[in-house]
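Coordinates only, no sequence provided:
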């Protein structure tokens, strides 16, 4: 069974307005890495630019993939006449959804675990233990290839979703000798540290895998089915520019003067400034939080500037009025909604979009409101939005009485069990089923919510469900049409073979009617089963272990569907 990493990245930097990706990601150890968007001798893994010599520009001259972090281990493997190769890749990657080309709003960031194995034993299973956990058995295809990829956190237009689901954390780094400002040089294999499990290596287990000359596993040095390495290439550049994110930006009109109020976040110890026409102020900071108020002499565009960054990073700021909803009370007895709400701009017009109402006074009583949202949202024409949980008032409602409901859970066919279901009845304390028409049947569990019977003749049947409860009893009638027993299935075989070299079993064919399921047995033991598709086609494939008894030339396997069975001689292919 797979072992998954429970560690997660701890934070993402502000979204860069130039391209839509976070400026950095931080792991639980406090390591922050930026996004390598251009080839750097120490961060070589990056997609090509359409115009390599031109300035970086989104989206026209921008890579289709780039990395905050990447680590890779490569191992020679055996098991066949050829020496194969295995690669294990762990990365925090930035790319694009949709067609995969750079485009606004399609940004994605995901945590990737990828395993590629070539020239392994066809049909064999391989388990990969790595710094972030361990995979389930990965089966090689008929050409001896394993291609496994797990991308977590992919959410188009939400590049920070990876924080909740990505398992590539914390960041791995060279154990010693990393260049200043980097986790590694992106090309040279070195020993690493950082595994949350303390396992800073890769081990692959599978049949005869050590025959390719790979290093033996130190935990089992004589095992021919295990290889190991503790050498990785690592790419990751420490962030030096941290930007800032606007958490809230509002304005208030006081005595005819507009006050701009901004709250922002960044890493600690940054110098943030709010710049607007005719005014420039420094925000006060405490930890990651920053705040300030400015009174510009006129209107115009504003921006938040991190002057600690070199060059300074700039972020546009859009101010709206601030809408505050002090209270919202919904009285169920007289169907009234009382709302107290206001704006920081006396000229703002307020509405309740969910109910199509306008707020023109404080407080305001709205009549004829049968039900209100649990959270009431009030919007302003100046862009502000406020909300408040709605408090309920009134007297308790009367209890609902018992209601009987009877349904048939599936079709009815002669010789097959029919289920009469009354579990959907409301407030029922007792059940009683009775047959009212049709050939007499024996009801099982007639005093339970669900009753059963097996019809022997086709035709029309009727049943009555009586339920007890408050305000009861209540009755539901149920008509059942029983269809004649269908004829035997038509079961056709198109392929039956067993490849001895790979111990690969394969049987295919068609069956009608559908839906239907086909099961393959040999010597009384089930070898596999498959559900027929919409065209009635089915295929059962399986790679058998050395310990399992397989068919021999001339043997027959038994093939069963719901209403048919036949034997088929197995063709043996080497």
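Perfect, I can see it now. Since the structure is predicted, the reported quantities are computational estimates derived from the model, not experimental observations.

Where do the strands of the stretch 401-550 of the chain begin and end?
Remark: strands assigned in the stretch 401-550 of the chain by DSSP state E, counting those that start in this stretch are 407-408, 412-413, 418-421, 430-437, 450-453, 459-468, 474-483, 490-499, 504-512, 517-522, 525-531, 537-543.

Would you mind giving these as JSON lines with mean neighbour count, distance to residue 133 and mean pLDDT added?
Where C-beta positions appear, they are placed from N, C-alpha and C, glycine not excepted. Formatted as JSON lines, the strands of the stretch 401-550 of the chain follow (neighbours: other CB atoms under 10 Å; distance: least, CB to CB, whole Å; pLDDT from 0 to 100):
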{"stretch": "strand 407-408", "mean neighbour count": "14", "distance to residue 133": "46", "mean pLDDT": "94"}
{"stretch": "strand 412-413", "mean neighbour count": "18", "distance to residue 133": "49", "mean pLDDT": "88"}
{"stretch": "strand 418-421", "mean neighbour count": "20", "distance to residue 133": "44", "mean pLDDT": "96"}
{"stretch": "strand 430-437", "mean neighbour count": "16", "distance to residue 133": "50", "mean pLDDT": "96"}
{"stretch": "strand 450-453", "mean neighbour count": "19", "distance to residue 133": "44", "mean pLDDT": "96"}
{"stretch": "strand 459-468", "mean neighbour count": "18", "distance to residue 133": "52", "mean pLDDT": "97"}
{"stretch": "strand 474-483", "mean neighbour count": "16", "distance to residue 133": "52", "mean pLDDT": "95"}
{"stretch": "strand 490-499", "mean neighbour count": "16", "distance to residue 133": "33", "mean pLDDT": "82"}
{"stretch": "strand 504-512", "mean neighbour count": "20", "distance to residue 133": "29", "mean pLDDT": "84"}
{"stretch": "strand 517-522", "mean neighbour count": "19", "distance to residue 133": "35", "mean pLDDT": "86"}
{"stretch": "strand 525-531", "mean neighbour count": "14", "distance to residue 133": "29", "mean pLDDT": "85"}
{"stretch": "strand 537-543", "mean neighbour count": "17", "distance to residue 133": "25", "mean pLDDT": "84"}
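
can you put the ones you listed in CSV and add distance to residue 561?
Shown next, in CSV, are those (distance: least, CB to CB, whole Å):
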stretch, distance to residue 561
strand 407-408, 25
strand 412-413, 16
strand 418-421, 22
strand 430-437, 33
strand 450-453, 24
strand 459-468, 27
strand 474-483, 19
strand 490-499, 5
strand 504-512, 5
strand 517-522, 5
strand 525-531, 10
strand 537-543, 9
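
wait, which of those strands is closest to residue 171?
Closest to residue 171 of the strands of the stretch 401-550 of the chain is strand 537-543 (CB to CB; 37.5 Å).

Would you mind pulling up the elements that the next helix or strand after that closest one packs against?
Using DSSP states H and E, the helix or strand that follows strand 537-543 in sequence is strand 556-560. Contact partners of strand 556-560 among helices and strands, from 3 or more CB pairs under 8 Å, 6 or more residues apart in numbering; DSSP states H and E: strand 490-499, strand 504-512, strand 517-522, strand 565-569.

got a markdown table for those, with distance to residue 93 too?
Output for the helices and strands packed on strand 556-560, formatted as a markdown table (distance: least, CB to CB, whole Å):
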| stretch | distance to residue 93 |
| --- | --- |
| strand 490-499 | 38 |
| strand 504-512 | 35 |
| strand 517-522 | 41 |
| strand 565-569 | 48 |
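
between those strands, which gets nearest to residue 8?
strand 504-512 (40.1 Å).

contacts for the closest one?
Contact partners of strand 504-512, identified using CB atoms under 8 Å, 6 or more residues apart in numbering, comprise 122-123, 142, 489-499, 518, 520, 527-528, 532, 535-544, 550-551, 557, 559, 561, 564, 568.

Out of the helices and strands packed on strand 556-560, flag the one nearest residue 430.
Closest to residue 430 of the helices and strands packed on strand 556-560 is strand 517-522 (CB to CB; 38.0 Å).

and the angle for that closest one with strand 556-560?
Relative orientation of strand 517-522 versus strand 556-560 (axes from the mean of the first three to the mean of the last three CA atoms, to 10 degrees): 160 degrees.

and strand 517-522, what other elements does it pack with?
Judged by 3+ CB pairs under 8 Å, 6+ apart, strand 517-522 is in contact with strand 504-512, strand 525-531, strand 537-543, strand 556-560.
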